[in-house]
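Novice: structure, please.
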Amino acid sequence: MNDGLPILEVSGPPLNRGQAHGEVFRKEIRALLPAYFDQLERTSRSQGVPALLKTRVLEISGTYAKPAEAYAPDLVEEARGIAAGAGVPFEEIMALNGFLDIFDHLSPNFISAGCTTFMAPDMEGTASAAIGQNYDLADIFQPAAVLLKVIGAGPDALMYTTAGMLGCAGMNSEGIGVVINNLVPGDAGPGVPYPFVIRRILAATQIGDAIDAVVSYRRASGMNYVLCDRHGEIYNLETTAADYEATSPFDGPMAHSNHYLADRLRPLERRANDQRGQSLARWGRATRLLRRSADPDAETIKSALRDHVNSPVSICRHSVDGCGQTICGIVLEPANGRAWFARGPCCEHEWVEYPVFEVRGRRVA
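Specialist: Got it, this is the predicted structure:
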């Protein structure tokens, strides 16, 4: 069995990049969109809140268009290209790119368990700093899990994404890497959708610029962004739509799940009450797994991403109603230009290294 994810290289002007994306993954996009809108409606009805019909989803995501245009007009053009290539309305592609932000904007009733992120700093000076995550979503997203390599729009970048989305997590040829996990603040509203932020991070050449891509603009909702550069600098940015807190693993490895760790931001937490314990358990377990090693590295993270303690809502997750599944595992080692991806759940699939770009003259092995 080939465990590698489908990969597409795109280049040229934004519209052309998007059109190639939309054309190659037309089947996946056109299958995912109705399933996505249907899932939102079914979830809302099952939770006893007003039905989240497609018209309402498009109304919400429509409030993201102007902020996105002000933030990254080239990426809006790329999204238009995706829509044209797939033969679907641009508004539906914007709604798809706002998928996590739309969940958070509505009600904690919609929020089930999410991703777990890992930060392994270079404690021994061996250039082994690494970050990683399991990307956990409803299983409707699994057939659309792909890799996208973007050439010529700043540094070359390799990212995991869902077909139709601009990008979800990845690394660029300057050694800037990013992984994420979802947070649920009470200030969600019109702002920049998270995939746009990912692409701006991956357009940066320095870690400071990558941080600015996250914190200098109003976001549509909250997310935890974990950034790492080729020097081993790691920053954890807990965000709401309008605020943020930054930490760094100065004293040893860190993990994050789906609740705010910063005391100042905790009053904004809106995650469903019956999901907070699940997030706390994964955060604690992930931290312990990292700290079992004197010098945790990429291999430590890969092993931890297969863990099943607290199953079914574990770090490695399988398709169970209400808790989604691991769609993709991601481990990044920016100093050495190495990126690994695994089809989720990671316990069932091999890690594959993708030799798709160079970092400071060193080709990914």
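Novice: nearest the middle, which residue of the chain would you pick?
Specialist: C168 (3.8 Å; C-alpha atoms, centre = their mean).
Novice: hang on, isn't that residue packed against I180?
Specialist: Yes. Assessed by C-beta atoms under 8 Å, C168 is found in contact with I180 at 7.4 Å. C-beta: built from backbone N, CA, C; applies to glycine.
Novice: next secondary structure after the helix or strand that S279 is a member of?
Specialist: Using DSSP states H and E, S279 falls within helix 273-291. Counting by DSSP H and E, the element after helix 273-291 in chain order, helix or strand, is helix 298-304.
Novice: quick check: next helix or strand after the helix ranked longest in the chain?
Specialist: Assignment by DSSP state H gives helix 26-46 as the longest helix of the chain. Moving toward the C-terminus from helix 26-46, the next helix or strand (DSSP H and E) is helix 54-62.
Novice: could you give the angle of that following helix to helix 26-46?
Specialist: In terms of direction (axes from the mean of the first three to the mean of the last three C-alpha atoms, to 10 degrees), helix 54-62 departs from helix 26-46 by 110 degrees.
Novice: hmm, who's touching whichever helix or strand comes after helix 54-62?
Specialist: Under the assignment DSSP H and E, the closest C-terminal helix or strand after helix 54-62 is helix 65-71. With C-beta atoms under 8 Å, 6 or more residues apart in numbering as the test, helix 65-71 has contacts from L75, V76, M94, P190, G191, V192, P193, F196, R200, Y217, R218, A220.
Novice: quick one: which of those is nearest G152?
Specialist: Using C-beta to C-beta, L75 comes nearest to G152 of the contacts of helix 65-71, at 14.4 Å.
Novice: in the helix or strand containing the closest one, what's buried?
Specialist: Secondary structure from DSSP H and E places L75 in helix 73-86. Buried residues in helix 73-86, counted by 16 or more other C-beta atoms under 10 Å: 74-86.
Novice: any residues in contact with both of C168 and I180?
Specialist: Listed as contacting both C168 and I180 by C-beta under 8 Å, 6+ apart are I198.
Novice: hmm, back to that, excluding chain neighbours, what is closest to the residue nearest to the centre of the chain?
Specialist: Leaving aside its sequence neighbours, C168 sits nearest to T161 (C-beta to C-beta, 6 or more residues apart in numbering; 4.8 Å).
Novice: I'm done for today, thanks for sticking with me.
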